[in-house]
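[1] got a structure for you, letters missing:
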């Protein structure tokens, strides 16, 4: 036998015994999304017939020339004890202890990535929830889209929860308790990362406001005298390594907790976050897939002056504008649970609970109010120094967090000089004035890096989101 013939025979033997493989998302202990068609995909021999079985369903698919295959299962009811079997060419892969319930993908930077081992030990000891499953993606930033991630599904136990996102865990725990169905949480986050790393490079290149992010990276990479960019800062790198391999696993929605690394380009962030969300939804094939945005908490101890000149306010504004513009998006306000000395506040329980309550209220139609008061419109009355500010999402009414006078409003006239304002609540309206401002032109609320004195909330205890009525130039308008 010639060497060539021997090599061909060996290749045929390898092909004949090629294994059926599925992404890491398909594993023992996984959670499948209830009530929606389920995407299943993997690899096997070219032109092989693949059979996928679960419950009473049996569907088939034929692999392409490159060995890839995909199929769609009919929606399943929430429950436990499912098994998923995938077969081809006499081989079979069986996944056991499969649950069906609610699946959420939780992403962002360090505040989403903060692990449960930073929380109170009693919280870890109590984290014995067999109906909650955890899937933590290892950090990976790559230039080209990866095929898979390094992760596996785990049952939520005190031991397994230690390395899991605290915000995601608390969100999942609330959902499981109120919905009484299994919950699967996908933790794919990386500290110190900007949103452009989580956005496909093609999306950045196609947008005139965002293309500079790619151009700057390419300049730094080509400059022998420049410090090479870190892998986690590659435009699109985290999308390639930590999001792309998860597409199109069927999920209920996204929870996004990020922004600190984009504050110096806050005005640009509005476009960046909006484009990222639209593209993620497009990749998953659902332009209304729910997307919850955690607004930046308070941080540092800036001077308590009426007019802040910091970038964090503008980043919060970008987050709120995206949340209030895109369909099925929500804003989780957290200005009251920050830490002036730590950019990573430890109160992730409140964050997770508010994420869950937003979902329970807006998606699951539970009698739990989950919306923060939102400024709706301003009435600048002619020949009056009062401005009437109308709010929506007031729940059962507006009040103050501490029961005292309303604090946190500033007002300015034509001179654009902001002064502290008096404010009072009348129903769903806040009336703002200052004697020295005879003809008001602008009002702002909680416009500071750490507006911990701002105290407007609804009766459900959810804080009003910072806002401004003006569109005067900001300090990040030209930052690219």
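    Arrived safely. Keep in mind that this is a model prediction, so the values were computed, not measured.
[2] so which residues of the chain form helices?
    Taking DSSP state H as the criterion, the chain carries its helices at 3-16, 110-113, 121-125, 158-161, 166-179, 201-206, 211-222, 237-238, 266-284, 311-325, 348-362.
[3] give me whichever of these is most buried.
    Comparing the helices of the chain by mean neighbour count (mean count of other Cβ atoms under 10 Å), helix 237-238 ranks first with a mean of 28. Using the backbone N, CA and C atoms, a C-beta is placed for each residue, glycine as well.
[4] show me what that one is in contact with.
    With contacts defined as Cβ atoms under 8 Å, 6 or more residues apart in numbering, helix 237-238 is touched by 140, 141, 142, 143, 190, 193, 197, 198, 231, 232.
[5] try it again at 6 Å.
    141, 190, 193, 197, 198 (Cβ atoms under 6 Å, 6 or more residues apart in numbering).
[6] touching, the third one and residue 233? I think so.
    Same thing as residue 193. No: between residue 193 and residue 233 there is no contact under Cβ atoms under 6 Å: 7.3 Å.
[7] which one's more surrounded, the two?
    residue 193 (26 against 19; other Cβ atoms under 10 Å).
[8] residues touching the more buried one, list them.
    Counting by Cβ under 6 Å, 6+ apart, residue 193 makes contact with 109, 232, 238.
[9] domain ranges for the chain?
    Residue ranges for the domains of the chain, per automatic domain parsing: 19-100, 103-362, 374-468.
[10] point out the most buried one among the ones you listed.
    domain 103-362 (a mean of 20).
[11] end-to-end on it?
    End-to-end distance for domain 103-362, by Cα to Cα, to the nearest Å: 16 Å.
[12] please apply the same query to stretch 444-455.
    14 Å.
[13] look up the closest residue to residue 378, ignoring the ones flanking it.
    Nearest residue to residue 378, sequence neighbours excluded (Cβ to Cβ, 6 or more residues apart in numbering): residue 469, at 4.6 Å.
[14] what number of residues lie near the one you found?
    Residue 469: 20 neighbours (other Cβ under 10 Å).
[15] isn't residue 438 up against residue 384?
    No: the criterion here is Cβ under 6 Å, and residue 438 misses it with residue 384 at 9.1 Å.
[16] give me the mean pLDDT for stretch 377-392.
    Mean pLDDT, stretch 377-392: 96.
[17] actually stretch 311-319, not the one I wrote
    Averaged across stretch 311-319, the pLDDT comes to 97.
[18] next one: stretch 339-347
    pLDDT averaged over stretch 339-347 gives 96.
[19] what of stretch 91-99?
    For stretch 91-99, the per-residue pLDDT averages 98.
[20] need the contact list for the residue nearest to residue 378.
    378, 442, 443.
[21] with distance to residue 43 added, can I get those residues in TSV?
    Below are the contacts of residue 469 laid out as TSV (distance: Cβ to Cβ, whole Å):
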residue	distance to residue 43
378	57
442	59
443	58
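[22] the residues you listed in strands, which ones?
    378, 442, 443 (DSSP state E).
[23] centroid residue for this structure?
    In the chain, the C-alpha nearest the mean C-alpha coordinate belongs to residue 256, at 1.4 Å (Cα atoms, centre = their mean).
[24] that one touches residue 108, doesn't it?
    Yes: here residue 256 reaches residue 108: they are 5.5 Å apart, a contact under Cβ under 6 Å.
[25] test my guess that residue 199 contacts residue 276.
    Yes: the pair residue 199 / residue 276 is scored as a contact, 4.3 Å apart, by Cβ under 6 Å.
[26] lowest-confidence helix or strand of the chain?
    Least confident helix or strand, the chain: helix 3-16 with a mean of 39, by mean pLDDT, DSSP states H and E.
[27] which ones are touching the residue nearest to residue 270 when sequence neighbours are not counted?
    Distances taken as Cβ to Cβ, 6+ apart put residue 318 closest to residue 270, at 3.9 Å, once the chain neighbours are dropped. Applying Cβ under 6 Å, 6+ apart, one finds that residue 318 lies in contact with 266, 269, 270.
[28] would you check how far apart residue 318 and residue 389 are?
    When Cβ to Cβ, to the nearest Å is the yardstick, residue 318 and residue 389 sit 21 Å from each other.
[29] same question, residue 142
    From residue 142 to residue 389 the distance is 47 Å (Cβ to Cβ).
[30] now swap in residue 377 and tell me
    Taken as Cβ to Cβ, the span from residue 377 to residue 389 is 8 Å.
[31] before we move on, the earlier item: make JSON lines from the helices of the chain and add distance to residue 398 to it.
    Output for the helices of the chain, formatted as JSON lines (distance: least, Cβ to Cβ, whole Å):
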{"stretch": "helix 3-16", "distance to residue 398": "69"}
{"stretch": "helix 110-113", "distance to residue 398": "28"}
{"stretch": "helix 121-125", "distance to residue 398": "32"}
{"stretch": "helix 158-161", "distance to residue 398": "37"}
{"stretch": "helix 166-179", "distance to residue 398": "25"}
{"stretch": "helix 201-206", "distance to residue 398": "39"}
{"stretch": "helix 211-222", "distance to residue 398": "40"}
{"stretch": "helix 237-238", "distance to residue 398": "39"}
{"stretch": "helix 266-284", "distance to residue 398": "27"}
{"stretch": "helix 311-325", "distance to residue 398": "18"}
{"stretch": "helix 348-362", "distance to residue 398": "18"}
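[32] test my guess that residue 142 contacts residue 240.
    Yes: judged on Cβ under 6 Å, residue 142 makes contact with residue 240 at a distance of 4.9 Å.
[33] need the longest strand for this structure.
    The chain, longest strand under DSSP E: strand 91-108.
[34] give me the contact list for that strand.
    Outside of strand 91-108, the residues within contact range by Cβ under 6 Å, 6+ apart are 20, 28-34, 76, 78-80, 82-86, 112, 165, 168, 175, 181-189, 251-258.
[35] for stretch 218-231, same thing?
    Residues outside stretch 218-231 that contact it (Cβ under 6 Å, 6+ apart) are 141, 217.
[36] let's see that with 8 Å instead.
    For stretch 218-231, contacts defined as Cβ under 8 Å, 6+ apart pick out 141, 142, 217, 237.
[37] and stretch 432-439, by the same measure?
    Under Cβ under 8 Å, 6+ apart, the answer for stretch 432-439 is 385-387, 389, 409, 411-414, 419-423, 440, 443.
[38] and which of the residues you listed is nearest to residue 41?
    Nearest to residue 41 among the contacts of stretch 432-439 is residue 389, at 50.4 Å by Cβ to Cβ.
[39] skipping adjacent residues, who's closest to the closest one in space?
    Excluding the flanking residues, the one nearest residue 389 by Cβ to Cβ, 6+ apart is residue 430, at 4.6 Å.
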